[in-house]
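Chemist: Sequence and predicted structure below; questions after.
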Amino acid sequence: MQPPAAGPSLLRKGMNFATAAAKHVATGAKRVSEEVRAGRLALCVACEHYVNKKCTKCGCGIKDEAGMIDKLSWESSTCPVGKW
């Protein structure tokens, strides 16, 4: 078994999140339905880049439930490998 990928650096994680947050605000802070969010979550959990509730591609945390800081809920967000 291979060790989990380290993922992006702390600086890259911050930049990725800041870019996503700015896009979210610029597009009106729209959120997806709970059904869409649940579908996104299911894809993330099944993904090879999902390790310890984090995406090793963008570095963002993946929460089971929606919150204010939740890229799965943001309409403007996309998966870094194009799965949603």
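Modeler: Sure, I can see it.
Chemist: So Val45 belongs to a strand, correct?
Modeler: No. Per DSSP: H, G, I helix; E, B strand; the rest coil, Val45 lies outside any strand segment and is helix.
Chemist: mind checking the SS state of Met15?
Modeler: Per three-state DSSP, Met15 ends up helix.
Chemist: and it, how many neighbours?
Modeler: 14 (other CB atoms under 10 Å). C-betas here are computed from N, CA, C, even on glycine.
Chemist: And it, how far from Ser33?
Modeler: 29 Å (CB to CB, to the nearest Å).
Chemist: again with Thr56
Modeler: Taking CB to CB, one finds Thr56 at 27 Å from Ser33.
Chemist: Tell me the buried residues in whichever strand or helix holds Val25?
Modeler: Per DSSP states H and E, Val25 falls inside helix 10-26. Applying a neighbour-count criterion of 16 or more other CB atoms under 10 Å, one finds 13, 16-17, 20-21, 24 buried in helix 10-26.
Chemist: State the pair within the residues you listed that is farthest apart.
Modeler: Spatially, the most separated pair among the buried residues of helix 10-26 is Lys13 and His24, at 16.3 Å (CB to CB).
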